[in-house]
Structures are given as structure tokens and as C-alpha cells.
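Enquirer: Using only what follows, build the 3D model:
(chains A and B)
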2 protein chains.
Amino acid sequence: MGSFDETMVERKEIYSGKILRLCCDRVRLCDGSTAAREIVEHGGAVCVLPVTEKGRALLVRQFRYPAGTELLEAPAGRLEKGENPLSAAKRELLEETGCVAENWTDLGFIYPTAGYSTERIYLYLACGLQRGEACPDEGEFLELEEIELEKLFKMAAVGEITDGKTVCAVFRGKEFLQNGRNK
Amino acid sequence: MGSFDETMVERKEIYSGKILRLCCDRVRLCDGSTAAREIVEHGGAVCVLPVTEKGRALLVRQFRYPAGTELLEAPAGRLEKGENPLSAAKRELLEETGCVAENWTDLGFIYPTAGYSTERIYLYLACGLQRGEACPDEGEFLELEEIELEKLFKMAAVGEITDGKTVCAVFRGKEFLQNGRNK
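Expert: Model prediction:
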């Protein structure tokens, strides 16, 4: 195909905060014209689907202020500066569920909102769990829920799980558990 | 479970643009303390997985400036003000692929980034396609690709499709096509 690349002509930083930075860029399109792009810069995140020996997934229920409701999600969190995704996944799993996992499977990454955010979310499957005490961040209120895998697959498929990264992790985890990795 | 609700104490609008609005809110947490929340307000979007009579999906390849690369995605776009999701899905499918579909299946919605954005993306499966001419928006450069469904399922599962909404639409579409709707 022809190249549809867009290149930055000008950047204006609107805001730089704790979890995101907002920029308004002017970009040159592939036909030579220019256009405005509103861009959220985000440092990336991880999301882990932890599965117990008994074939149950460990999820966390938490209130999501932007959604205005509680969501049932796979444990997840932002990358710290310079942190590699697998280390972040291990840290988040421990913080949110108290678990350490023996077997980690890389499920690839997603761009949750490629239209306006630079965020990548790295997905993992974590098996061989040793349970301990959760230690969530200050101001983070979570409730742990165990859900039988087959039930979770169905919940994600029919829209009862609405968190996008969790739906992606469940799908990729399901395919891996059922078919193995056969790229 | 106990209520983990967070309620707005104060809102400060940082930016109001073409596709998003950024606010910094102070919220009251369930333990009575307060915390800051950086929120992207977004009007919502739709994403359509169109499948031909021959069992091939129609996807669009486009450069995504925030990701800095081309992505292969299901046709998608933002809701216009007051537009209902199914109407938007029909409009976007027509604009981006030139197709009109006879059979529409509601695949539920996702929150792509529930941690900081209010965006919901409504997912659809579209079958019974009549082909015509695509008419993308000004400044929108797309290339249509047909991919055999089984191949697409695998690409989404192993991380070769990285656009989150597309992975979700492919998973839910696959489950529906293989098992029917059995909530």
C-alpha cells in the first residue's frame, strides 16, 4: 500500500498531569495538507488474567469514576517510569490480588484508543498462583472476585464484561488455554 | 459488596476540543477522603465487524498518529451529537467501506479506557452486505482489506491485530457466529 504516514508539524502542550498529558498537534497528511490532532500521551499499562489451579479467574471489582459505575476487570495498572511490562504485571498482580504467579504468558499488547491516545496495554496470562494478602495503592478500593473460566468467557462474549482490556485479555487467554500458542 | 462510589466535589475544565474535553476533578472516595481524577470526556463511538457472504471480514488499514503506525481495524467512528449507535454504525460502515448491511447484531459495548475516559464504544456485527463506493471523511485515508474470518480470529488472538476495539468486536463476533446468542 502507499504510505499514509502523518508527521508532526507543530505541537502545543495543553496540560501535563499525573496520568496523562494532552497535546494539540498540527500534522502533515499524506496528500500534503495539514490537520489538527488532539493527542493524549499516556505511559502505558499492563493487564493480567490470573487463573487458579481450579480453573477460576481472579478479577477485581472497582468503581470507575469516568464510567460512573463499578466494573469487573482483570488486575491492571500503569507502567512506572522505565519499568518493563512484565515487571509491572507482576507488581500489579501482587498489589491488587496478593498473588505471585509461577507461569507467565505474554498475550501481546493492544492500543485501547488508537484514535487519540498513545497508550499501549500489555496483556498477560498468569498461572500457578500462590495466594497472599493484597496491598492496593492508597485511595484504591478493590474487591476480589473469583469466576469460573467458562462463565467468564461467556460474560466477556455477550457484553457482561465491559472493560475493553479485560475482554481482550479474556479472548487471548481463552485461545491460548484452548489451543496453545501456534503463531 | 459495599459501595465504592466516587462523587464529584469540584470540576475544572482544562480543555474543550473537537473530539475530547479534558477535566480535572476532585472526587470524594468511599472512605471520605478526596482524590484528583484526570478525565477525558468523549462522546462515544461505534465499531462494526462486516462479514461478507463468503465468510471474509472487511477491515480498514489506516495510519494512527498517536500509535505512530498503520493499524488494521474494523470500520469505526465517533457518534455525532444525538446520534444513536446503530445509525452511527450504519453511517460509518457506508462511509468507510461503501457497504450497506442487511443483518445487524448488537455485540454490546466496551469502555476502552475506563480509568480515564468516559468513552463507550458500541460494537456490531454486520452481515448480508451490498457493496458500493466508500466515501471517507476529508483527511481520512483508508485502505480496505478483506481477510478470511478464521485467519482474522487467529490474528486477533495472537496479537497481530492490536487495535483494542477490533479485538473485542472480533471476539464477540466469533462467539456469536459460532454459538449464536445464548445469554
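
Enquirer: helix, strand or coil for the residue of chain A most remote from its centre?
Expert: Taking C-alpha atoms, centre = their mean, the residue of chain A most remote from its mean C-alpha position is residue A:32, at 35.1 Å. At residue A:32 the chain is in coil, as set by DSSP: H, G, I helix; E, B strand; the rest coil.

Enquirer: gap between it and residue B:68?
Expert: In this view, residue A:32 and residue B:68 are 20 Å apart by C-beta to C-beta, to the nearest Å. In short, each C-beta sits where N, CA and C put it, glycine included.

Enquirer: Low-confidence ranges, chain A, go.
Expert: The model of chain A has pLDDT under 70 over residues A:1-2, A:181-183.

Enquirer: Output the longest helix belonging to it.
Expert: The single longest helix within chain A, with elements called by DSSP state H, is helix A:164-179.

Enquirer: so who does residue A:17 touch?
Expert: Residue A:17 makes contacts with B:24, B:38, as judged by C-beta atoms under 8 Å, 6 or more residues apart in numbering or on different chains.

Enquirer: can you map out the helices along chain A?
Expert: Counting by DSSP H, chain A has helices at residues A:85-97, A:149-158, A:164-179.

Enquirer: Single out the most deeply packed of the ones you listed.
Expert: helix A:164-179 (a mean of 24; mean count of other C-beta atoms under 10 Å in any protein chain shown).

Enquirer: by how many degrees do that one and helix B:164-179 diverge?
Expert: Angle, helix A:164-179 to helix B:164-179, by axes from the mean of the first three to the mean of the last three C-alpha atoms, to 10 degrees: 50 degrees.

Enquirer: Hey, what's the angle from helix A:164-179 to helix B:149-158? Just curious.
Expert: Going by the same axes, to 10 degrees, helix A:164-179 makes 110 degrees with helix B:149-158.

Enquirer: Helix A:164-179 close to chain B?
Expert: Yes. Shown here: helix A:164-179 in contact with chain B (C-beta under 8 Å from any C-beta of the partner chain) through A:164-165, A:167-168, A:170-172, A:175-176.

Enquirer: Report the distance from the longest helix of chain A to the chain centre.
Expert: Relative to the mean C-alpha coordinate of its chain, helix A:164-179 is positioned 12 Å out (C-alpha atoms, centre = their mean, to the nearest Å).

Enquirer: again with stretch A:52-69
Expert: The answer for stretch A:52-69 is 12 Å, by C-alpha atoms, centre = their mean.

Enquirer: what about that stretch and chain B, any contact?
Expert: Yes. Counting by C-beta under 8 Å from any C-beta, chain B has neighbours in stretch A:52-69: A:61-68.

Enquirer: Please render the residues you listed as JSON lines that adds neighbour count and distance to residue B:156 to the earlier fields.
Expert: Output for these, formatted as JSON lines (neighbours: other C-beta atoms under 10 Å in any protein chain shown; distance: C-beta to C-beta, whole Å):
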{"residue": "A:61", "neighbour count": "15", "distance to residue B:156": "26"}
{"residue": "A:62", "neighbour count": "20", "distance to residue B:156": "26"}
{"residue": "A:63", "neighbour count": "18", "distance to residue B:156": "30"}
{"residue": "A:64", "neighbour count": "21", "distance to residue B:156": "25"}
{"residue": "A:65", "neighbour count": "21", "distance to residue B:156": "30"}
{"residue": "A:66", "neighbour count": "21", "distance to residue B:156": "26"}
{"residue": "A:67", "neighbour count": "18", "distance to residue B:156": "24"}
{"residue": "A:68", "neighbour count": "11", "distance to residue B:156": "29"}
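
Enquirer: if I pick the closest residue to residue A:136 other than its chain neighbours, what's in contact with it?
Expert: Of all residues beyond its chain neighbours, the one nearest residue A:136 is residue A:142 (5.3 Å), with distances taken as C-beta to C-beta, 6 or more residues apart in numbering or on different chains. Residues counted as contacts of residue A:142 (C-beta under 8 Å, 6+ apart) are A:60-62, A:96, A:134, A:136.

Enquirer: Mind checking which of those residues are in strands?
Expert: Counting by DSSP state E, the contacts of residue A:142 place A:60-62 in strands.

Enquirer: Looking at the residues you listed, which one is closest to residue A:36?
Expert: In terms of C-beta to C-beta, no member of the ones in strands among the contacts of residue A:142 lies closer to residue A:36 than residue A:62, at 34.6 Å.

Enquirer: ok, the closest one touching residue A:73?
Expert: Yes. The pair residue A:62 and residue A:73 passes the contact test of C-beta atoms under 8 Å, sitting 6.9 Å apart.

Enquirer: coming back round to it: nearest to residue A:23, out of the ones in strands among the contacts of residue A:142: which one, please.
Expert: residue A:62 (28.8 Å).

Enquirer: Beta-bridge partners for that closest one, please?
Expert: Note on residue A:62: beta-bridge partners residue A:71, judged by DSSP bridges.

Enquirer: Show the contacting residues for residue A:22.
Expert: Residue A:22 is in contact with A:13-16, A:38-41, B:14-15, B:22, counting by C-beta under 8 Å, 6+ apart.

Enquirer: meant to ask about residue A:160, not that
Expert: Residue A:160 is in contact with residue A:154, counting by C-beta under 8 Å, 6+ apart.
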